[in-house]
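J.: Let me see the structure of the following:
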Amino acid sequence: MKIAAISKKLDSLYEFDREPVNNKALQGLGNFLGTYAGEHVAGTEFVIGMLFVAHGVSVTDMFLGGLIGNILAVLSWALITAPIAVKVRLSLYWQLKKICGSVLVFLYNIINALMFCFLAGAMVAVSATAVGIPFDVKMPTLSDLYPSSVGWVVTVFAVGAVITTFAILGFEKLARFSKVAAPWMFFIFVAAAISSFPRLGIETDLSNFWEVANTKIWMGTAIPGQSQFTIWHVIFFTWFANAAMHLGMSDLTLLRYAKKWQYGYASAVGMFLGHYVAWIASGILYAAANSDAPGEVAYQAIGIAGALCVIVAGWTTANPTLYRAGLAFQVASPGWSRWKVTLLAGLITTLAALFPALVMKLLDFVALYGLVLIPMGGVIFADYYLMQKFGLKDYYAERMKINFNWAAGLTWFILLAAALAMNLIVGIELYFLPLPAWVLAIGLFVLLSKIYQKKIG
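T.: Purely as a prediction, here's the structure:
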């Protein structure tokens with residue numbers, strides 16, 4: 001097939017990039033259950049569960065804090081993001097363009113897309129730690145900064161190519177893949193954890209599980225070089241691990257396909273099977289293993305099935321993340337079709353995956369990622385619910401034909417600067433900053449809009 005014909009076929013994979021999703025394209029509940037399960041029973045879970053152990057989370061903090069944080073995350077998706085998504089049915093990027101103007105959105109989307117690429121890159125690296133096992137590839141450790149071997153580079157590029165291909169195929173293909181993979185991955189997580197019980201000394205009747213969990217897994221003391229976590233760290237990290245997706249409104253892009261806003265509760269599948277059970281299972285695996293490479297940890301537990309689970313888990317996280325990154329890049333470069341910008345995002349993702357330090361710092365990166373994007377979620381919330389109530393114009397940039405809405409821009413810049421100052425100068429950890437940043441963004445945007453719209457007219 002000629003290159004021109006291939007390009008034309010890829011261009012036909014239309015994803016309502018610049019207009020509301022129509023009723024014929026709406027998806028059923030099953031697709032959202034599959035997508036959220038596949039994305040959150042995923043590669044990040046292998047890493048985050050291990051890092052909680054390394055940060056000295058106690059067993060009570062892990063179980064109770066995780067429960068509270070996941071409930072709050074589900075409510076954020078269902079009650080805040082989903083209702084706006086099904087009313088407007090625009091992607092995050094085109095909705096922001098109407099509010100903020102093309103220049104501000106260009107800046108936002110470049111930052112957004114790059115952060116999506118780095119997150120997907122971490123998952124490519126996670127998958128690569130399993131793909132390289134049968135080829136005896138020298139794996140980097142979590143303390144390595146640079147690629148450890150030529151084999152690692154080749155493996156990462158192979159995994160990146162597969163993940164990018166799936167992302168180019170679009171939302172329906174992503175959901176179909178996740179629906180098939182998610183149930184299997186969950187059972188592998190659980191089976192691997194259970195198979196590790198004998199190495200930890202856990203009895204078959206689980207009578208001593210809590211005792212072993214206290215003394216050998218979540219011991220309440222951080223390993224050297226890691227900060228000490230409390231229950232508040234667990235609650236806030238769990239709630240805001242996906243802050244960019246719910247309060248930050250990135251999942252407007254996915255939930256715009258939902259028939260009902262109640263489909264936002266589908267996130268519970270991902271939160272409780274992934275960000276609860278899978279994190280717990282990952283912590284057990286890490287405590288029982290003698291490696292910090294996710295692929296090797298799973299392989300030591302249950303062999304080939306564990307390694308395959310790590311591979312697929314990385315795919316199901318990176319795929320929708322790359323899909324979002326492609327849409328973000330497309331708004332920044334509207335002359336390009338979605339598949340071309342997704343291909344570009346895939347290349348950036350793969351290059352980022354070469355550096356294992358991205359995985360080692362995943363907790364901090366996820367927190368920073370949510371913090372950077374969450375003020376714009378507050379802007380969208382305020383624009384949808386509050387502008388008209390305060391006698392102000394919503395979609396101000398579109399109505400006034402301006403390229404930069406200074407009310408939105410200053411809200412974003414001021415809160416980011418304040419949050420980073422609180423972290424770097426005052427010492428408040430990143431995990432605790434997204435919530436006040438989101439709340440303050442709502443009030444600040446309304447206040448600045450009142451001043452700005454009065455001045456402009």
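
J.: Near Ala241, how many other residues are there?
T.: Ala241 is flanked by 27 other residues according to other C-beta atoms under 10 Å. Every C-beta, even on glycine, is put in place using the N, C-alpha and C of the backbone.

J.: for it, phi and psi?
T.: In terms of degrees, to the nearest 10, the main-chain angles of Ala241 are phi -60, psi -30.

J.: Gln27 too?
T.: phi -110, psi 150.

J.: does it really touch Leu255, like I thought?
T.: No - in this structure, Gln27 is not within contact of Leu255 by C-beta atoms under 8 Å, at 9.8 Å.

J.: who's in contact with stretch 344-359?
T.: Contacts with stretch 344-359, where a contact means C-beta atoms under 8 Å, 6 or more residues apart in numbering, come from 47, 113-114, 116-118, 120-126, 128, 140-142, 144-148, 152-153, 156-157, 159-161, 163-164, 167-168, 318, 322, 325-326, 329, 365.

J.: same thing but at 7 Å, please
T.: 47, 113, 117-118, 120-122, 124-126, 128, 140, 142, 144-147, 153, 156-157, 160, 163-164, 167, 318, 322, 325-326, 329, 365 (C-beta atoms under 7 Å, 6 or more residues apart in numbering).

J.: Also stretch 285-302?
T.: So stretch 285-302 is contacted by 46-47, 49-50, 53, 126, 129-130, 133, 139, 141-142, 191-193, 195-196, 199-200, 216-217, 306-307, 309-310 (C-beta under 7 Å, 6+ apart).

J.: Just to be sure, which of those are found in strands?
T.: Per DSSP state E, strands hold no members of the contacts of stretch 285-302.

J.: Out of the residues you listed, which end up buried?
T.: 46-47, 49-50, 53, 126, 129-130, 133, 139, 142, 191-193, 195-196, 200, 216-217, 306-307, 309-310 (16 or more other C-beta atoms under 10 Å).

J.: picking up where we left off before, I only care about the contacts of stretch 344-359 that end up buried; give me the PyMOL line for that.
T.: PyMOL command restricting the contacts of stretch 344-359 to the buried ones, with burial defined by 16+ other C-beta under 10 Å:
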select buried, resi 47+113+117+118+120+121+122+124+125+126+128+140+142+147+153+156+157+160+163+164+167+318+322+325+326+329+365
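
J.: Neighbour count for Gln27 and Leu255, which is higher?
T.: With neighbours defined as other C-beta under 10 Å, Gln27 and Leu255 compare such that Leu255 has more, 29 against 20.

J.: Grab the nearest non-local neighbour of that one.
T.: Distances taken as C-beta to C-beta, 6 or more residues apart in numbering put Ala85 closest to Leu255, at 3.6 Å, once the chain neighbours are dropped.

J.: That neighbour - how many residues pack around it?
T.: 27.

J.: That one looks like it's in a helix, true?
T.: Yes - counting by DSSP: H, G, I helix; E, B strand; the rest coil, Ala85 is found in a helix.

J.: Neighbours of Ser76, how many?
T.: Counted with other C-beta under 10 Å, Ser76 comes out at 24.

J.: ok, and for whatever helix or strand it lives in, which residues are buried?
T.: Element membership for Ser76 (DSSP states H and E) is helix 66-76. If you call a residue buried by 16+ other C-beta under 10 Å, then helix 66-76 has these buried ones: Gly66, Gly69, Asn70, Ile71, Leu72, Ala73, Val74, Leu75, Ser76.

J.: Check the average confidence over it, would you?
T.: Helix 66-76 carries an average pLDDT of 98.

J.: Test my guess that Asn242 contacts Ala73.
T.: Yes - assessed by C-beta atoms under 7 Å, Asn242 is found in contact with Ala73 at 6.4 Å.

J.: Look at Gln228 and give its secondary structure.
T.: Per three-state DSSP, the local secondary structure of Gln228 is coil.

J.: any idea how far the closest residue to it other than its chain neighbours lies from Phe229?
T.: Among residues not flanking Gln228 along the chain, Ala222 sits closest, at 4.6 Å (C-beta to C-beta, 6+ apart). As judged by C-beta to C-beta, to the nearest Å, Ala222 and Phe229 stand 7 Å apart.

J.: So which of these two has more stuff around it?
T.: In terms of neighbours (other C-beta under 10 Å), Phe229 is the more surrounded of Ala222 and Phe229; the figures are 26 against 15.

J.: Need phi/psi at that one.
T.: Per degrees, to the nearest 10, the backbone of Phe229 is at phi -100, psi 150.

J.: Got the confidence number for it?
T.: pLDDT, read off for Phe229, is 96.

J.: what residues are up against Ala73?
T.: Ala73 neighbours (C-beta under 7 Å, 6+ apart): Thr238, Trp239, Asn242, His246, Ser267, Met271.

J.: Those in helices, which ones?
T.: Counting by DSSP state H, the contacts of Ala73 place Thr238, Trp239, Ser267 in helices.

J.: Sort out which of those residues are buried, if you could.
T.: When burial is judged by neighbour count using 16+ other C-beta under 10 Å, the buried members of those are Thr238, Trp239, Ser267.

J.: so can I have TSV of these showing pLDDT and distance to Leu358?
T.: What follows is these, written out as TSV (pLDDT from 0 to 100; distance: C-beta to C-beta, whole Å):
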residue	pLDDT	distance to Leu358
Thr238	96	21
Trp239	97	23
Ser267	96	25
